[in-house]
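>>> starting from these lines, generate the structure:
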Amino acid sequence: MHTSLTVLSRLAAHAAVQPLAAPKSIPDVIDGITGWIMGIIAVVATMFLALGGLRYMAAGGDPAQVEQAKGNFKSALIGYALAFLAPVILQVLQGIIGAK
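Residues are numbered from 1 along each chain as shown. The predicted structure follows:
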């Protein structure tokens with residue numbers, strides 16, 4: 001019984017000493033947003049690339065299906081370009097709002 005009280009008192013003392021998380025600065029928040037945006041856009045672009053590849057393979061010479069596949073490839077390319085440019089876009093926004 002004495003041991004369990006000692007453990008509980010140590011846990012309570014440890015919990016009381018831990019500092020709260022400090023609020024993040026605007027550049028830290030923007031860096032976090034950059035990572036999320038790049039990831040989400042890259043995943044969506046990869047899905048368009050896979051869909052375009054499947055459509056192209058299943059087209060069987062049908063010109064309409066081939067055009068849809070090309071459209072998916074173009075969308076994937078635009079998505080990858082946006083994912084690549086996301087940090088630049090967010091840096092510009094950071095400069096506009098004046099957060100350094």
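
>>> show me what contacts the closest residue to G71 other than its chain neighbours?
Spatial nearest neighbour of G71, excluding adjacent residues (CB to CB, 6 or more residues apart in numbering): G52 at 7.6 Å. For the C-beta atoms, the positions are set from N, CA and C on the backbone; glycine is no exception. By CB atoms under 8 Å, 6 or more residues apart in numbering, the contact set of G52 is 69-73, 75-76.

>>> helices along this protein, start to end?
All helices of the chain, identified by DSSP state H, fall at 2-17, 26-58, 63-97.

>>> need these in TSV with mean pLDDT, can you?
Listed next are the helices of the chain as TSV, based on pLDDT from 0 to 100:
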stretch	mean pLDDT
helix 2-17	56
helix 26-58	88
helix 63-97	88
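
>>> find the centremost residue of this structure, please.
By CA atoms, centre = their mean, the chain has its centre lying nearest to W36, at 2.0 Å.
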